[in-house]
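Enquirer: fold the following for me, if possible:
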Amino acid sequence: MTATPHAPTPAALPSAWDLTVLLDALGRAADRRASLPERNLWVIRALEWLRHAPLPAGDGLAGAAPSKPQPALRLKYLLDELDRHPEQRDQAAAVLGRFWAEMDTAALFADFGFSSRANFFGELGQRLRRKLLPITPATTDLSELFGLLFPDADDALWLESLDEVMLDRLRHLMPPDAVGDHAWQTPLLDAIMFLASAVRAAAFSGALRQRMSGELLAHEPFRQLAVAADRIRERALAGDEAALLQEAQYLRALLDNCRRCADSVHDHLEEHGVSISVVFDVDQLRLRTHRIEQLLNCVVSRQRSRDVTRLLAELVRTAAERRSITALFADHYSLLARKVAERSAEVGDHYITRDSASYRQMLKAAAGGGAVIAGTTFVKFFVIALAMSAFWGGFWAGMNYAVSFLIVHLMHGTVATKQPAMTAPALAEKLGDVGDDAAVERFVDEVAHLIRSQAAGIFGNLAVVAPLVLAIQWGWQAAFGAPLVDGHAAEHVLESVTLLGPTALFAAFTGVLLFASSLIGGWVENWFVWHRLDSAIAWNPRIVTRLGTERAHRWARFWRANISGLASNISLGLLLGLVPAVGLFFGVPVEVRHVTLSTGQLAAAAAAQGLSVLEHSAFWWCVAGIAVTGVLNLAVSFFLAFRVAMGSRGIRLADRSRIRRAILRRLVSQPMSFVLPPEHLG
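Expert: Predicted structure coming up:
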């Protein structure tokens, strides 16, 4: 019988995993003339051997303790071999002792895992360099060497599996001067001091200090942090355990106060605008306080080896995350979500209808929007008739949409499918507690309110735009003998809006544009608030001199209330007009399908064709296309905006699954609750 690829014969084993080769290299690394890279390479190869070497069958290790990670079993085997060969044990002790003495271990504990700035492209470039460029072992910085020592996230598992017996054997392998109290404590204590200084410096930076709660800062937790870290060092090196425990308790209380001060920054950001760099700095500050607490636990612990090993395992996981390009995108996605969601939420909540009165109000607002879109429909046909180049045709079509959407906004009307992108963050605001079923049910209630609001927006838009376009077409024909939109244009509409074509794909793409416009609106409003432009308009001396105090204040209130709506409506109009032109330039024949605009076009085409159009299946395929367009406009826009909102709240995947199941249960048991207000359901 031949050996399987998963169970190679001893003769076929690579020499790299032969313990004899590793121990021969140990002799060369232990030589006093060996260079720093040679010594570091032996430690790297020893750890690589632990990960990959086959277990010898004769020692009973291969089949023992199946739940024990293989590297832990290999470590036991290696220690047994060293115990049987005292000369090689002394060589290993010499190499590890010099390794520990030469390495800047404090840099690993104090700096590893933290980014210097919230620069996406700088961090991306750094991670790509780590992936693509080789790392030299010729360094005494343990934070740089760490990636070569532990390149696999699974290393954390076998490190955590090491029991006290194994850790004690490792400790006795080291030279006495490397495992004394001061020798192992010093890098931990240095790291605590470095981190305390970094936390203090970050907190005293203007970006954070000016946004923290003055009441919390009055206790001066950051000013006391460095002093407390110094006292921890003094007590630990003096061996005064009782005083050390007392100082540790005080330092933990300071760290809690520091985290509360950092959390107070978010309250300021929600009111005065969000900055990615400030949110990033707050997160880094909090992470450093947690690292200080981890190091402090190692210093005061009675199971020091165990706690230090757990900290190393945590650093291994951090290293894996720092190497991940996907994790970088996820982190910055979360930062962007937090930047956008709060500002969008301010304008979203009042678009959610919760009773019959607000439902009727939404219908009226949507009816007004439908009336404006009726005019937009005819202007669009006029722009098409001019037969301009792709760019200018798209530009003027976009300006037509933008002006129309602005008119709807300023007259407090509603354009269907414009709502979800603004409303989803307001809905996610209620995701603060989804830990129990009652909270999830309350959230599902809000989803039902939201979907009803979208239904009202669509019903109101379509109920007005279609009859009004028909009336204008027939009135024009009665007055001038021909409709505004002729038969040729009508044929084009029937060919483009039909469900048999790519309408569904274009409708989903339009949902993405709706979402993008909401992001632009959120970013612009956040920029406006962050730079306090409303205050500048109200109080700037030049503006006040030009407008007068009362008018300047009115302008400030107007821009603060409308900046998001103006930005999102203008951007949406230009996106709807220009994106197809840009796509055509790159050879991508993409078009937009908006439910209200498509309904207006179909109504104009039907009026041009006459009542006989009702007898043709092409017309009814277009009606079906509009129904699908409405669903996809809403669904895609809402889904993307909702993902941003959930990302800003850090909702776990398990909770997201619970929410989806709860919504589906409500949809099956009470489908009409998503269409009509509660009073109409009996």
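Enquirer: low-confidence stretches in the stretch 551-682 of the chain?
Expert: 645, 647-654, 679-682 (pLDDT under 70).
Enquirer: which helix runs longest in this structure?
Expert: Taking DSSP state H as the criterion, the chain has its longest helix at helix 437-480.
Enquirer: which neighbouring elements make contact with that one?
Expert: Contact partners of helix 437-480 among helices and strands, from 3 or more C-beta pairs under 8 Å, 6 or more residues apart in numbering; DSSP states H and E: helix 356-385, helix 419-428, helix 595-609, helix 617-649, helix 653-669. For the C-beta atoms, the positions are set from N, CA and C on the backbone; glycine is no exception.
Enquirer: nearest to residue 47, out of these?
Expert: helix 653-669 (32.5 Å; C-beta to C-beta).
Enquirer: go through the closest one and flag the buried ones.
Expert: Buried positions in helix 653-669, judged by neighbour count with 16 or more other C-beta atoms under 10 Å: 655, 658-659, 662-663, 666.
Enquirer: now do stretch 401-420
Expert: So for stretch 401-420, counting by 16+ other C-beta under 10 Å, buried means 401-409, 413-420.
Enquirer: same deal with stretch 611-626?
Expert: In stretch 611-626, the ones that count as buried by 16+ other C-beta under 10 Å are 613, 619, 621-622, 625-626.
Enquirer: can I get these in JSON lines including distance to residue 327?
Expert: Formatted as JSON lines, the buried residues of stretch 611-626 follow (distance: C-beta to C-beta, whole Å):
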{"residue": "613", "distance to residue 327": "55"}
{"residue": "619", "distance to residue 327": "51"}
{"residue": "621", "distance to residue 327": "46"}
{"residue": "622", "distance to residue 327": "46"}
{"residue": "625", "distance to residue 327": "41"}
{"residue": "626", "distance to residue 327": "42"}
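Enquirer: out of the residues you listed, who's nearest residue 261?
Expert: residue 626 (54.2 Å).
Enquirer: quick one: the closest one from residue 593, how far?
Expert: To residue 593, residue 626 is 9 Å away according to C-beta to C-beta, to the nearest Å.
Enquirer: mind listing the shared neighbours of these two?
Expert: Residues touching both residue 626 and residue 593 (C-beta atoms under 8 Å, 6 or more residues apart in numbering): residue 497.
Enquirer: circling back: which of the buried residues of stretch 611-626 sits closest to residue 546?
Expert: residue 626 (48.9 Å).
Enquirer: correct me, but the closest one touches residue 598?
Expert: Yes - contact criterion C-beta atoms under 8 Å: residue 626 and residue 598 qualify, at 5.3 Å.
Enquirer: one step back: and which of the buried residues of helix 653-669 is nearest residue 92?
Expert: residue 655 (48.7 Å).
Enquirer: mean confidence for the longest helix of the chain?
Expert: Regarding helix 437-480, the rounded mean pLDDT is 88.
Enquirer: okay, the angle between it and helix 653-669?
Expert: Here helix 437-480 runs at an angle of 60 degrees relative to helix 653-669 (axes from the mean of the first three to the mean of the last three C-alpha atoms, to 10 degrees).
Enquirer: list the buried residues of the helix or strand that helix 437-480 is followed by.
Expert: As assigned by DSSP states H and E, the chain's next helix or strand after helix 437-480 is helix 487-497. Of all the residues in helix 487-497, those buried under the rule 16+ other C-beta under 10 Å are 489-490, 493-494, 496-497.
Enquirer: which residues does helix 487-497 contact?
Expert: Residues external to helix 487-497 that are found in contact with it (C-beta under 8 Å, 6+ apart): 381, 384-385, 501, 503, 591, 593, 598, 601-602, 604-606, 608-609, 618-619, 622, 625-626.
Enquirer: what angle separates it from helix 356-385?
Expert: Interaxial angle of helix 487-497 relative to helix 356-385 (the same axes, to 10 degrees): 120 degrees.
Enquirer: show me what the helix or strand where residue 307 lies packs onto, helices and strands only.
Expert: According to DSSP H and E, residue 307 maps onto helix 304-323. Applying 3+ C-beta pairs under 8 Å, 6+ apart, one finds that helix 304-323 contacts helix 120-132, helix 142-149, helix 155-161, helix 164-173, helix 181-203, helix 276-300.
Enquirer: rerun that using 10 Å as the cut-off
Expert: Helices and strands touching helix 304-323, by 3 or more C-beta pairs under 10 Å, 6 or more residues apart in numbering; DSSP states H and E, are helix 105-111, helix 120-132, helix 142-149, helix 155-161, helix 164-173, helix 181-203, helix 276-300, helix 325-348.
Enquirer: what's the spacing between the fifth one and its chain's center?
Expert: Just to be clear, that refers to helix 164-173. Taking the mean of its C-alpha atoms, helix 164-173 sits 42 Å from the chain's own mean (C-alpha atoms, centre = their mean, to the nearest Å).
Enquirer: what's the answer for the first one, then?
Expert: Offset of helix 105-111 from its chain centre (C-alpha atoms, centre = their mean): 28 Å.
Enquirer: now do it, average pLDDT.
Expert: Helix 105-111 carries an average pLDDT of 92.
Enquirer: and it, what does it pack against?
Expert: Using 3+ C-beta pairs under 10 Å, 6+ apart: helix 105-111 touches helix 142-149, helix 181-203, helix 276-300, helix 304-323.
Enquirer: looking at the ones you listed, which is nearest to residue 156?
Expert: The closest of these to residue 156 is helix 304-323. By C-beta to C-beta, the value is 4.0 Å.
Enquirer: what comes up buried for that closest one?
Expert: By neighbour count with 16+ other C-beta under 10 Å, helix 304-323 contains the buried residues 304-320, 322.
Enquirer: surely residue 590 meets residue 576?
Expert: No - applying C-beta atoms under 10 Å as the test, residue 590 and residue 576 come out as separate, 11.3 Å apart.
Enquirer: and those two? which has more neighbours close in?
Expert: Ranked by neighbour count (other C-beta atoms under 10 Å), residue 590 and residue 576 place residue 576 first, with 25 against 16.
Enquirer: pull out the buried residues from the strand or helix carrying the more buried one.
Expert: Following DSSP H and E, one finds residue 576 within helix 549-585. Neighbour-count burial for helix 549-585 flags 552-553, 556, 559-560, 562-581, 583-584 (criterion: 16+ other C-beta under 10 Å).
Enquirer: quick one: list the elements packing against that helix.
Expert: helix 325-348, helix 356-385, helix 390-410, helix 419-428, helix 503-530, helix 533-539, helix 541-547.
Enquirer: and the helices in the stretch 1-150 of the chain?
Expert: Secondary structure of the stretch 1-150 of the chain (DSSP state H, counting those that start in this stretch): helices at 19-30, 36-52, 70-84, 86-102, 105-111, 120-132, 142-149.
Enquirer: ok, residues contacting the fifth one?
Expert: Applying C-beta atoms under 10 Å, 6 or more residues apart in numbering, the contact partners of helix 105-111 are 104, 140-146, 149, 184, 186-198, 288, 291-292, 294-295, 298, 308, 311-312, 315.
Enquirer: cool, thanks, signing off.
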